[in-house]
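Q: For reference, the sequence and a predicted model appear below.
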Amino acid sequence: MPFLTDPASKQLRKKHWWNKQYWKLTDTLVYRSLAGDTYRVPKGFIHDFASIPRVFWPILAPTGPYSRSAILHDSTGDDQLFLECMVSDDVPTWLARIMWAAVGGFNRTDWNEADWDELRSLPEHQLLGD
């Protein structure tokens, strides 16, 4: 298995229930690609797992067998690597292809950088469950 670690994530506080959900890695995520390159997503990285609109969550949730691949994709933005990760992580091929096709239509510039900056600056005590 090319993922060398399987870290957990903690959900960050939201102001309102309808706000987008963000998570923070509790340890470093490490992936070794089929080409032999090593990718590291550092502890504390803010991510949203898979960016799936809420209306589709009953059939395709932001978390699932593709969760680690989605975190790496949030870090790199590399769609081909996302597909490779899912396939190497035993995500069913049909699901991996749907997820891969979906990210092709997602525009990363839609993310609000001010929100990301605010989330990155949150102290540890503002994590849920702390």
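A: Right, received. Where do you want to start?
Q: hey, let's count contacts and neighbours off CA atoms from now on
A: Fine.
Q: And for Tyr66, the neighbour number?
A: Close neighbours of Tyr66, defined as other C-alpha atoms under 10 Å, add up to 23.
Q: which residues touch it?
A: Listed by C-alpha atoms under 8 Å, 6 or more residues apart in numbering, the contact set of Tyr66 reads 50, 86, 89, 91, 96.
Q: Okay, it and Asp89: tell me how far apart.
A: Applying C-alpha to C-alpha, to the nearest Å, the value for Tyr66 to Asp89 is 8 Å.
Q: got it, and Ala50?
A: 15 Å.
Q: Which one's more surrounded, these two?
A: Neighbour count, other C-alpha under 10 Å: between Ala50 and Asp89, Ala50 has more, with 22 against 18.
Q: residue contacts, the closest residue to the more buried one other than its chain neighbours?
A: Using C-alpha to C-alpha, 6 or more residues apart in numbering and skipping residues adjacent in sequence, the residue nearest Ala50 is Pro62, 4.5 Å away. Neighbouring residues of Pro62 by C-alpha under 8 Å, 6+ apart: 48-52.
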